[in-house]
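>>> here is the input, now give the coordinates:
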Amino acid sequence: MRMRGPEAIGITAHATGYVWARNGLSHPELSTREGRMLSDSMRPMMMLSSVLGGPTLESYLLARHRTIDALLERAIEQDGVTQVIEIACGLSPRGWRFAGRYGSKLTYIEADLPGMADRKQRALRRMGSLGEHHRVEVLDALLEEGPGSLAALAAKLDPDAGLAIVTEGLLGYLDREAVEGIWSRFARTLAGFRTGLYLADIQLSGDASAPVRAFRVMLSALVRSRVHLHFTDTRDVAGALKRAGFERAEVHHAPQVAAAGEHREDPAQTAASSERREDPAQAAASSERREDPAQAAASSERREDPSARLAHVLQAG
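Residues are numbered from 1 along each chain as shown. Below is the predicted model of the structure:
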């Protein structure tokens, strides 16, 4: 039996919730028996793909989740975002983790359809996470206005502060018309805040290699529904976002975001490193041992997870 709309998204919420918990990113309350059964049912296919050097669903999910985390963290710490609405939040642990990290400096609202919102609220209450700055709201991303719409929820927030809207795992279950509709609503909403940011994972149809096609079959099998691929490449995505009303739009490749995070140094470490500079002879010897650019590129490609190569995250504002 094939599922559509909310049913397919709900199935995904259980599967991803289990993946986050299994990899130390979540709380046991956000991991369900349904999620474990779904994940276990996919394990033989994932193991085969991994043995053949292809992508695996679990590694892909982790790559996209961590990339959104990194970009949201940057927006909070550098760009003035103090309010977050995560739409179709499912059993994501992001709200719990970010609320715990930033406390009263951040208002984090998790939003979903009534059934999942109720389940998430009960889980977060048991975890002791709910409060003035972390709450769950009922929201339907397809509503233009009225109760349960983004417009109604955003009207309760501070327009003089920054707002980020996050969706993860949502867009692939909507047709292109629906995606463009929610993007227009997001753009109009964010324009009413001092700082506006939208983050979401996005799948591109431009890569039609055999391993990628097999991976998409696995993803569709997991949710028992077609996964839509609306855009060919990053320029196609950026163009659609700008037509929807965003002024700036770009698409990040997960490995590039991860590499930027790994190479970021804090000022104290940089100063200490400067004080411990090598003498000229040591510097020359170190320079001789460096890989040439071709060797470095080849080494990087060997280390890169094939699943991460499929993970893209859009950023618009």
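>>> quick one: low-confidence ranges for this protein?
Applying pLDDT under 70 to the chain flags residues 1-10, 35, 39-55, 207-227, 259, 261-308.
>>> recalculate using a threshold of 50.
Applying pLDDT under 50 to the chain flags residues 1-8, 262-303.
>>> biggest helix in it, by residue count?
helix 57-78 (DSSP state H).
>>> give me the angle between the following helix or strand past that one and helix 57-78.
Downstream of helix 57-78, the first helix or strand assigned by DSSP states H and E is strand 81-87. If you take axes from the mean of the first three to the mean of the last three Cα atoms, to 10 degrees, strand 81-87 sits at 150 degrees to helix 57-78.
>>> got the angle between the next helix or strand after strand 81-87 and helix 57-78?
Later in the chain than strand 81-87, the nearest helix or strand by DSSP H and E is helix 94-102. Taking the same axes, to 10 degrees, one finds that helix 94-102 is oriented at 40 degrees with respect to helix 57-78.
>>> helix or strand next in line after helix 94-102, which one?
strand 107-112.
>>> direction included, what does that next one pair against?
strand 81-87 (parallel), strand 134-138 (parallel) (DSSP bridges).
>>> mind listing what's buried in the longest helix of the chain?
The neighbour-count criterion (16 or more other Cβ atoms under 10 Å) identifies 57-72, 74-76 as the buried residues of helix 57-78. Any C-beta I mention is one placed from the backbone N, CA and C, and that applies to glycine too.
>>> give me the neighbour count for residue 191.
A count of neighbours around residue 191, defined by other Cβ atoms under 10 Å, yields 12.
>>> tell me who's in contact with it.
residue 245 (Cβ atoms under 8 Å, 6 or more residues apart in numbering).
>>> ramachandran coordinates for it?
Main-chain torsions, residue 191, degrees, to the nearest 10: phi -60, psi -20.
>>> repeat for residue 164
Dihedral angles (degrees, to the nearest 10) for residue 164: phi -120, psi 140.
>>> start the count at 100, not 1, going forward
Renumbered: residue one is now 100, and that last one reads residue 263.
>>> who does it form a beta bridge with?
As assigned using DSSP bridges, the partners bridged with residue 263 are residue 183, residue 296.
>>> how close does it sit to residue 276?
Residue 263 is 25 Å from residue 276, where distance means Cβ to Cβ, to the nearest Å.
>>> circling back: just the strands paired with strand 206-211: most buried one?
strand 180-186 (a mean of 24; mean count of other Cβ atoms under 10 Å).
>>> comparing residue 263 and residue 276, which shows the higher neighbour count?
Using other Cβ under 10 Å, the more surrounded residue of residue 263 and residue 276 is residue 263, with 26 against 8.
>>> ok, back up a step: could I get the longest helix of the chain in CSV with only the CA atoms?
Output in CSV follows, covering the C-alpha atoms of helix 156-177 (Å, rounded to 0.1, in the frame of the first residue of the first chain):
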residue,chain,number,x,y,z
LEU,A,156,20.2,6.0,3.9
GLU,A,157,21.4,6.4,7.5
SER,A,158,24.6,8.2,6.5
TYR,A,159,22.7,10.5,4.2
LEU,A,160,20.2,11.4,7.0
LEU,A,161,23.0,12.1,9.4
ALA,A,162,24.8,14.3,6.8
ARG,A,163,21.8,16.5,6.1
HIS,A,164,20.8,16.8,9.8
ARG,A,165,24.3,17.8,10.9
THR,A,166,24.5,20.3,8.0
ILE,A,167,21.3,22.0,9.0
ASP,A,168,22.5,22.1,12.6
ALA,A,169,25.8,23.8,11.6
LEU,A,170,24.0,26.5,9.5
LEU,A,171,21.4,27.2,12.1
GLU,A,172,24.1,27.4,14.8
ARG,A,173,26.0,29.9,12.7
ALA,A,174,22.8,32.0,12.2
ILE,A,175,22.1,32.1,15.9
GLU,A,176,25.7,33.0,16.9
GLN,A,177,26.5,35.4,14.1
